[in-house]
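> Need coordinates for the following:
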Amino acid sequence: MSNQPAFNYNSLSNKTSQNSVSSPFWVKPKNKSSKVANVFKQIWKWSKILVLLFFLVMGLWGCFQTSFDPKVSTNTSIGNGLEFGFMFGTTGDALYDLSGAPNQQFHSFNNWSMAYGPFYALFVWPGAWLTLQITWKTHNIWGGLNALLGIFVLILIIRVFTTLITIRSTIQNERMSEISAKMSEINAKYKDAKDTQSKQMKQQEIMELYKKNNVRPFAAFEQMLITLPIFLIVYRVVTILRPFKGTVLFNIWSFAAAPLTTMFSSFTNGGWVYIFFILIVVPTQFLSSWLPRIWAKKRSKSTTTLTQKGTKDFKKRMLFQYVFAGAMSLIVLFTPCGVGVYWFFNACFAILQSYIMHRIIIAQKKRKFKENIGNISIT
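Coordinates of the predicted model:
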């Protein structure tokens, strides 16, 4: 039997930090860049900025248009409001074909067109078309499972496209956590500084610390800028898709019904069943905010003890996440159940992605610490 001692992660952290050898695994020696490389970096930088601005403008456009343009009004009743479906007579199913009656109070949206503006043409139409195809191909499945499948595939595709941004956001949070002790030292150093020169020196030291550890303070906002249009896209897909207006999930929960409103309006007439829908969706939303922060805290403790300032900052971030989760929960309570299904799947994907990132970061840190211990042994 081997008597080799177990790997002590905390002791390794202390030794390497004392010898000033340890550094975050993402910090790599900087090589001199050529002029061509610098030009490409600038092109890439400004391209990202333009793309993010485009998403922000489209998100705001969609938000205001949904609120003020009667052509795209939301109505959960079949034959009312903006509806997306097949042209009249295509399938012969009234749940999938738009009505041909001229007196119907709705606007049909069944092909690519700029008639409803760029947000609906560029973002809502592709998602609605894909989801409609999936729900129709599987429309014989019992209990509205075809609607679940349509939403699941749509979110999966969106997650694939936004994975890079999510990973960047996670890495940025990790970097901020790693330099929290250094940030506390700088804050303590200039604690009583009131003059302009000292404030400038403090800001310069912070910027140098950010630069050394490749920290981009505003990178976390990338995910926030993408979140708004994505939510609006899925929200509109769920609320305008004609078959979704008639879907009753598991023959219990109507996709078109708002959980809390239905509970209060007809509690004894079947509204009470939406309690279980709320108990499934809302806690999952909070878990998607809580678990990643807990894993981040464990990673911080595995390398260094959080300072008082670092703990305070961590609690502030946690509070923000809880407030955000609470706001999203209110949206789930007062919007159609189809939106709640989206939030449920989205939260599950977020939890899975966060856990995978957690394991990858832990593995990378262990590898980095082993390399540092090897360097200490050599010297």
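
> mind checking the SS state of the closest residue to residue 189 other than its chain neighbours?
Counting by Cβ to Cβ, 6 or more residues apart in numbering, residue 202 is the residue found nearest to residue 189 once chain neighbours are left out, at 7.5 Å. Where C-beta positions appear, they are placed from N, C-alpha and C, glycine not excepted. Following DSSP: H, G, I helix; E, B strand; the rest coil, the label given to residue 202 is helix.

> Please state the offset of stretch 191-204 from the chain centre?
Relative to the mean C-alpha coordinate of its chain, stretch 191-204 is positioned 36 Å out (Cα atoms, centre = their mean, to the nearest Å).

> oh, I was asking about stretch 237-250
Between the centre of stretch 237-250 and the centre of its host chain there is 24 Å, according to Cα atoms, centre = their mean.

> ditto for stretch 237-251
Distance, centroid of stretch 237-251 to centroid of chain: 24 Å (Cα atoms, centre = their mean).

> State the number of residues packed around residue 270.
The criterion is other Cβ atoms under 10 Å. On that basis, residue 270 has 14 neighbouring residues.

> gap between it and residue 66?
To residue 66, residue 270 is 29 Å away according to Cβ to Cβ, to the nearest Å.

> Over to residue 295?
Relative to residue 66, and taking Cβ to Cβ, residue 295 is found at 35 Å.

> and the residue nearest to residue 189, how many neighbours?
Each residue near residue 202 was counted by other Cβ under 10 Å, and the total is 16.

> wait, it sits on residue 193?
Yes. The criterion here is Cβ atoms under 8 Å, and residue 202 meets it with residue 193 at 6.6 Å.

> Mind listing the shared neighbours of the two?
Counting by Cβ atoms under 8 Å, 6 or more residues apart in numbering, no residue touches both residue 202 and residue 193.

> All the strands of the stretch 251-379 of the chain, in order from the start?
253-254 (DSSP state E, counting those that start in this stretch).

> got the contact list for residue 223?
With Cβ under 8 Å, 6+ apart, residue 223 has these contacts: 162, 165, 166, 168, 169.

> just checking, it is part of a helix?
Yes. Note on residue 223: a helix contains this position according to three-state DSSP.

> roughly how far apart are it and residue 207?
Applying Cβ to Cβ, one obtains 23 Å for the distance of residue 223 from residue 207.

> With residue 79 instead?
59 Å.

> Neighbour count: these two, which is higher?
Summary of the neighbour comparison: residue 79 and residue 207, criterion other Cβ under 10 Å, with residue 79 having more neighbours (16 against 12).

> these two touch, right, that one and residue 97?
No. Counting by Cβ under 8 Å, residue 97 is not a contact partner of residue 79; they are 11.5 Å apart.

> Give the residues shared as contacts by the two.
Taking Cβ under 8 Å, 6+ apart as the criterion, residue 79 and residue 97 do not both touch any residue.
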